[in-house]
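In: could you work out the structure for the sequence below:
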Amino acid sequence: DCAKCRNYFLWHPKPAQTKKTMATAAFVVFAATVAQSAASDQFSYKHIGGEASEFAEHTMPNVLQAAVHGQHALYNVHFDDGDWSEDIIVDSTQDFSFTLFTRVQDVSISLMDPSGKKIATAAHKSTVSVPLAESAPQEEGTMWTFKNPACGTYKLELHAGSTADVLVQRNLSTERLRRKGYGMRAPDAFLFLYNDSPMQLMTHALAQKTVVGRNIGLSARIFDSVAHDFDSFIEKETKPPASDDIQSAELHVTTPSGKEIVVTMNDAGTNGDEVAGDKDFAGSIKATEVGKYMLQVVAFGVNDKKTKFTRSLEHITLVEEPMVSLRNTAGAVVDPATARMHVALHVSTLPCAASNKFLPYFQLWGKNSKGHDVAVGYFEGIAHVETTASGASAVVVEVDLRWLARVGVSPRYGKLLLKDVHIMDASTFVLLSDSTAAIPIDTDGTSSMSSTRNATLTADIDMHLSAILSGGYNGEITRVMREGVPPARFDINSTANAARLQRASNVLLLHGFCADKNPFEENSHEWTDGVYYSASREGDNKGAGLTEYAENVLRFADRQGLGAYSMVGFSQGGMETLTLVTYYNSGADLVSGGRVVQSVSTPYGGVSAIDSLGGLAALFGDCDSPDHLSLTQAGNWLSSIPDSKQALTNVYRTQFGPALFGGMCNGWMNLVLAKPNDGVVEVKYTGVPHGNVFDVTEKQCHGEDMEWPAAYFDSSRNEIMNAQAAR
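Out: All right, here's what the predicted structure looks like:
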């Protein structure tokens, strides 16, 4: 039911660069998604388990961890009758600039200072570029910069030389947005106003769960970025103190169907505002549509020097239907062949849930022989909705009983409980449902399982626990406990897999978001047995999200007949290496004796500019805005990666060089990115908490056509990665 449920590739068709025709692609995706619940063995999913000591790292991230901040204001420009004008407020005495991004030709400007005097702008003009994809041409804009300006209100007027060209470009832009699933009216241009000032606007989402029927919105405050270090406060999950007063603020919302809504934000403790009078302003609306909402805070105020200011920040919020909702009941039975407990989380579903993948997670608790509450561990994994023997719906997570034996927990001593239960969409990492209450497990749960599972499962959990203990289990945490029982073709210890292991191992190299090529392939002589995945060459979606990309790579590996392989990823490709080794059984499980996964310039924690520049990417980019790389969705994804998998990761990071020797990778991007950065990715978001993270390499940029060489052209590093790759 695509009118009610989010099936991304039915109502967001693949971009035009795919080799398939649009009609054929839609049919193939429809057939695959409908059949996937019944034919889910196309991919072999891991059943993830981990220690209780990791609980804190696997809770859903606090909304403050995805907060953004900046000194800019962004305007959507519409050339009605060929003209546009706006009062722009300058509060910096250092410098201010405005940048125009448009494909309309022959746009002229007129600028008046606060006294009404016309400013000659030609000498202040320069051309800038913004990278909207890994290898596509950068989007050019025109920037005007003014040093030591007078503070006050300036009058800016834009005039399009040809209204006919405006209509042509508007129609092209609207069509690009329509293909990407947006119903919004396409702006004719974006204007980016920047004040070089310590006074910054900070915004964050009001809630993690973004599903139809719930409120979505933003909270905002102004703070002094010189007096208060933003990152040090966010690390403590607190906000920097508010400094200057916001006198008024508005939340501008564009819904997926294109409806424009303006909400007056408040500091009165209502409509999303938590505390009255704390200088935080909040506003929200009820989400009634599936898709991407463009949310923008526009704040006006006066600083302590009695100077007016304006700031705006943008967020792209993906709203989904609540395809699954926890019912706060669960059942469990055991597979005698593997001594694994199958835990069924009972859910209410919408019709399309059967054709989607989900990522359930829970903490397992129980009692020991002394009656004490004991944390067993956490468990998760990609799952489909199953119909139980009683006709209800459930998602099932497997738990190796040795986790219970290891800490002396048994259902004979008391009820098994599930805590911190939540379910994300496995394709987008959007939180769909969660429970703050502990959920008891019915350990005689045969009615909780599908008839297929019931044919081989038993309810006698305690008997199998006793067998494990009497068999001399020593408490060791094994790979099977952490990942489940792999199929023979991906079991490194299986004699049936001997032929695959005798083949030469490969290094599988992955590119970043929306790339036209694999950047490592240009220097293929640096890689021994290198295999280069290219979405463009394979006819795959260049703008794929994390799990779609990962599954495209698995199909590619099968087509190439790969046996064992380690992986190296650039940018998003690095996140894909972790996605693959975490959630899927694959050839990466068959290598040993070296580095299984390596990455270069990868934004594991997201890219803060995704929200600010998402509209620009949607309007002009070959691919849609990479929401999966936003701070929110990347943060959700990273919270699901076990410590044991993070420990496999070898992380190379890069950044611009010292200003004395040429400075920033991309001067304009430096206005919106946290420093230091490589022109696209901020260093502070490139770490993996339990990975092997190397020191930052200076004088390397994210891509070509920047101030310093692209990171993937570092032959010395490539040779090291090749030599260290697991085989």
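In: C-alpha only now, for contacts and for neighbours.
Out: Noted.
In: and the contacts of stretch 145-156?
Out: 85-98, 109-114, 124-125, 307-308 (Cα atoms under 8 Å, 6 or more residues apart in numbering).
In: first vs last residue of it, how far apart are they?
Out: One end of stretch 145-156 sits 14 Å from the other (Cα to Cα, to the nearest Å).
In: run the chain-centre distance for that stretch.
Out: 37 Å (Cα atoms, centre = their mean, to the nearest Å).
In: what comes up buried for that stretch?
Out: For stretch 145-156, burial by neighbour count (16 or more other Cα atoms under 10 Å) applies to 145, 146, 150, 151, 152, 153, 154, 155, 156.
In: mean confidence for that stretch?
Out: Averaged across stretch 145-156, pLDDT comes to 96.
In: buried residues, stretch 325-341. List them.
Out: Neighbour counts over stretch 325-341 (16+ other Cα under 10 Å) mark 325-336, 339-341 as buried.
In: what do you get for stretch 461-478?
Out: By 16+ other Cα under 10 Å, the buried positions in stretch 461-478 come out as 461, 462, 464, 465, 468.
In: tell me where the stretch 501-650 of the chain has strands.
Out: Counting by DSSP state E, counting those that start in this stretch, the stretch 501-650 of the chain has strands at residues 506-510, 530-532, 565-570, 597-600, 649-654.
In: residue 624 versus residue 176, what's the distance?
Out: Taking Cα to Cα, one finds residue 176 at 9 Å from residue 624.
In: any shared contact partners between the two?
Out: With Cα under 8 Å, 6+ apart as the test, residue 176 and residue 624 both reach residue 618.
In: between those two, tell me which one has more neighbours.
Out: Comparing residue 176 with residue 624 by other Cα atoms under 10 Å, the one with more neighbours is residue 624, at 27 against 21.
In: pretty sure the more buried one contacts residue 543?
Out: Yes. Using Cα atoms under 8 Å, residue 624 is in contact with residue 543, at 6.6 Å.
In: thinking again about what came up before, buried members of the contacts of stretch 145-156 into PyMOL, please.
Out: Applying 16+ other Cα under 10 Å to these leaves a buried subset, and the PyMOL line that selects it is:
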select buried, resi 85+88+89+90+91+92+95+96+97+98+109+111+112+113+114+308
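In: for stretch 692-712, what is the distance to the chain centroid?
Out: Mean C-alpha position of stretch 692-712 versus that of the full chain (Cα atoms, centre = their mean) differs by 22 Å.
In: may I see the buried residues of it?
Out: In stretch 692-712, counting by 16+ other Cα under 10 Å, buried: 692-693, 696, 698-712.
In: from residue 647, how far out is residue 578?
Out: Separation of residue 578 from residue 647 (Cα to Cα): 10 Å.
In: quick one: end-to-end distance for stretch 131-141.
Out: Across stretch 131-141, first to last residue, Cα to Cα, it's 11 Å.
In: now it: average pLDDT?
Out: 85.
In: outside of it, which residues touch it?
Out: For stretch 131-141, using Cα under 8 Å, 6+ apart, the contacting residues are 99-102, 127-130, 512-517, 617, 620-623, 680, 703-704.
In: drop anything exposed from the residues you listed.
Out: When those are checked for burial by 16+ other Cα under 10 Å, the buried set is 99-102, 128-130, 512-517, 617, 620-623, 680, 703-704.
In: what about the stretch 101-250 of the chain, any weak spots by pLDDT?
Out: 136 (pLDDT under 70).
In: let's see that with 80 instead.
Out: Within the stretch 101-250 of the chain, the stretches with pLDDT under 80 are 135-137, 181-184, 244.
In: quick one, strands of it?
Out: 107-112, 118-119, 125-130, 139-147, 152-160, 189-195, 199-205, 215-224, 245-254.
In: what residues sit buried inside stretch 262-281?
Out: Applying 16+ other Cα under 10 Å to stretch 262-281 flags 262-268, 271-274, 279-281 as buried.
In: which of those fall within strands?
Out: Among the buried residues of stretch 262-281, the ones falling in strands (DSSP state E) are 262, 263, 264, 281.
In: mind listing the residues bridging to the second one?
Out: Read it as residue 263. With DSSP bridges as the criterion, residue 263 is bridged to residue 251.
In: contacting residues for it?
Out: 250, 251, 252, 253, 283, 284, 285.
In: measure the spatially closest residue to residue 645 that is not a sequence neighbour to residue 548 for me?
Out: Excluding the flanking residues, the one nearest residue 645 by Cα to Cα, 6 or more residues apart in numbering is residue 582, at 6.3 Å. Separation of residue 582 from residue 548 (Cα to Cα): 14 Å.
In: using TSV, lay out the buried residues of stretch 461-478 together with secondary structure.
Out: Listed next are the buried residues of stretch 461-478 as TSV, based on DSSP: H, G, I helix; E, B strand; the rest coil:
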residue	secondary structure
461	helix
462	helix
464	helix
465	helix
468	helix
